[in-house]
Structure formats: C-alpha cells, structure tokens
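Enquirer: Structure for the following, please:
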Amino acid sequence: MPTSLLPWSHGSAPPALGRIWVGLVLSVLLVLGWGVQPAQAIAPSQLPRVAAGQDTWLIDEAGLISRINEGKISNRLANLAVATGNEVRLVTLHHFDYGDTVQTFTDQLFERWYPTAEEQAHQTLLVLDEVTKTVGIRVGEAAAALLPEDIATSVAQETVLVPLLQGDKYNQALLDASDRLTAVLSGQADPGPPVFDESFDTESESTFASAQTTKENRNNNAVLLIVLLVLATVIPMATYFWYVGFGN
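Expert: Residues are numbered from 1 along each chain as shown. I've put the predicted structure just below:
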C-alpha cells in the first residue's frame, strides 16, 4: 500500500491529538460528575448484626465520631441498659441504599436486629445519614411508655439536626442525643431540644444554592458536555481528512 494513502504517515501528531481530546473529554466528565459511580450505598443487611443485650451501642459506619466521644456515648448507653433495661443504639451511615429513606432504613435495621416483639420491646434505634443529613428513629413498645413519639421525633429532628445545621457538629449531635435519651429512658424529666440560633439559619440560607440554581447549573453543564463531545468528534475527523488530502 502506498505510504501516501496512510492517513497518519506524516507523523504521530494526529493520534496524539486524538488522545489529548479523549483525555480532555474524560476530564470534563469527571469534573461534571458524569459517568462517575456514586459512593457505594449501604443496605441494612451489610451492617454487623447487633442482638438485644449485646454490648455494642454505637456503629459509626460513616466515621463521623471521634474515638473519645465514641467511648463516652457507649459508656452512657451501657449504664442506661444496666440501670433500666432500656437499650439505645446509634448508627451513622455515609448513605443508605437508593430507593430507601432514612426511616425505612431504620425500620428495616430495627426489625433485622430485633426480629421478635419481645426483643424489640425495650429497644431504641437512631440512624443518622451523612449525605442527606436526615435522621430516623424507632422505639420499641415498652420503651415508648417513657419515650413517646413526640419526644422521639424531637430527638431525631432537633437534638441531632440542630448541631448539624450549625456547623456539621456530628460529635455534639450524638452526645446530646445520648444524653437526652438516657435522661428520658431513665424516667427523668425531658431536658428538651437545644436552642436553635435563628440568626445562623438566616445567614446559612445564602450559602446554599437554591433548587432552581442547582437545576440551571446542571442544564449548563449538560450543554457544555454536548459541545465538548461534538468538538471531540469533529476535530479529529477534520484533522484526519486534512492529512488524507495533504498526503494525496
């Protein structure tokens, strides 16, 4: 075959150029988050099983709690179990499985760990998801006599979430939750939720993109991606035909 008919016989520039454009497109895809697999979600069956009476009080799957505070929380909840028979377990996740909510995850985990009504009776389970910053809670029938639904909901939606809204204070959130749950399940007066600094809420609103802004940014990214894909296709082809014509 005559060398003049080989499209890249005049040097290695076109293949190199093609590789550059492929690399550019892949880089843009990574930056925009296209084609990147999300962090692996976790299902209830993937967590270690904890039975009623077992000396495990905190499972920090998301790695949010310091070793010192993990010890403090575990000691408080262990003492609560010995003194009252009421057991509280706290779980942190990076993210639950897709299609679930934090509450459905909590319910599934609760029923997996405590499959019978007798095992469930004195149990309380609280689950915190890092990605969505949502909290689920499930209380057994006997424990609910001391920890009614309104207080349980307040623990999940106020005691835990307020420190997170004020600066991702995960350690404080779970320390406060363990303190409040310990007090209530010991028959003491409910200390109540933390006071929320409304001035912080007002300031924080401006630091988070609105849903409309997020949608617009996503649409702009999609347009940019399409343009880059077109350029990545057209430029190597144009270069190819130019070299073919030049070779002839």
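Enquirer: For burial, what's the neighbour tally of residue 115?
Expert: When neighbours are defined as other C-beta atoms under 10 Å, residue 115 has 12 of them. The C-beta positions use only the backbone N, C-alpha and C, and glycine is treated the same way.
Enquirer: what separates it from residue 109, distance-wise?
Expert: From residue 115 across to residue 109, the span is 12 Å (C-beta to C-beta, to the nearest Å).
Enquirer: Could you pull up the contacting residues of the nearest residue to residue 176 once chain neighbours are set aside?
Expert: Spatially, and ignoring its direct neighbours in sequence, residue 176 is nearest to residue 159 (5.2 Å; C-beta to C-beta, 6 or more residues apart in numbering). Applying C-beta atoms under 8 Å, 6 or more residues apart in numbering to residue 159 gives the contacts 173, 176, 177, 180, 193, 194.
Enquirer: Out of those residues, name the ones that lie in helices.
Expert: By the criterion of DSSP state H, membership of the contacts of residue 159 in helices covers 173, 176, 177, 180.
Enquirer: Tabulate the residues you listed in a markdown table, adding columns for pLDDT and distance to residue 120.
Expert: Formatted as a markdown table, the ones in helices among the contacts of residue 159 follow (pLDDT from 0 to 100; distance: C-beta to C-beta, whole Å):
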| residue | pLDDT | distance to residue 120 |
| --- | --- | --- |
| 173 | 98 | 25 |
| 176 | 98 | 25 |
| 177 | 98 | 20 |
| 180 | 98 | 21 |
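Enquirer: Just among these, which is most surrounded?
Expert: residue 173 (26 neighbours).
Enquirer: Please report the confidence value the model assigns to the residue nearest to that one when sequence neighbours are not counted.
Expert: The shortest distance from residue 173 to any non-neighbouring residue, by C-beta to C-beta, 6+ apart, is to residue 163 (4.2 Å). With respect to pLDDT, residue 163 scores 96.
Enquirer: just checking, residue 163 is part of a strand?
Expert: No. Residue 163 is assigned helix when assessed by DSSP: H, G, I helix; E, B strand; the rest coil, not a strand.
Enquirer: Rank the helices and strands of the protein by mean pLDDT and give me the bottom one.
Expert: When each helix and strand of the chain is scored by mean pLDDT, DSSP states H and E, helix 198-205 comes last, with a mean of 47.
Enquirer: I'd like to know how many residues surround residue 188.
Expert: The burial count for residue 188: 11, using other C-beta under 10 Å.
Enquirer: what do you get for the one 3 residues further on?
Expert: Burial measure for residue 191: 13 neighbouring residues, criterion other C-beta under 10 Å.
Enquirer: closest to residue 73 among the ones in helices among the contacts of residue 159?
Expert: Nearest to residue 73 among these is residue 177, at 8.7 Å by C-beta to C-beta.
Enquirer: That closest one reaches residue 160, doesn't it?
Expert: Yes. Taking contacts as C-beta atoms under 8 Å, residue 177 lies within contact range of residue 160: 5.2 Å.
Enquirer: Would you check that my belief about residue 77 contacting residue 86 is correct?
Expert: No. Using C-beta under 8 Å, residue 77 makes no contact with residue 86, being 9.4 Å away.
Enquirer: Tell me how this structure divides into domains.
Expert: The chain resolves into domains spanning 10-36+211-247, 44-203 when parsed by automatic domain parsing.
Enquirer: just flag whichever of these has the lowest average confidence.
Expert: Among the domains of the chain, domain 10-36+211-247 scores lowest, with a mean of 55.
Enquirer: The nearest residue to residue 56 once chain neighbours are set aside and residue 177, how far apart?
Expert: Excluding the flanking residues, the one nearest residue 56 by C-beta to C-beta, 6+ apart is residue 50, at 4.9 Å. Here residue 50 is placed at a distance of 18 Å from residue 177 (C-beta to C-beta).
Enquirer: What residues does the nearest residue to residue 96 once chain neighbours are set aside make contact with?
Expert: Distances taken as C-beta to C-beta, 6+ apart put residue 105 closest to residue 96, at 4.3 Å, once the chain neighbours are dropped. Residue 105 makes contacts with 44, 93, 96, 97, 127, 129, 136, as judged by C-beta under 8 Å, 6+ apart.
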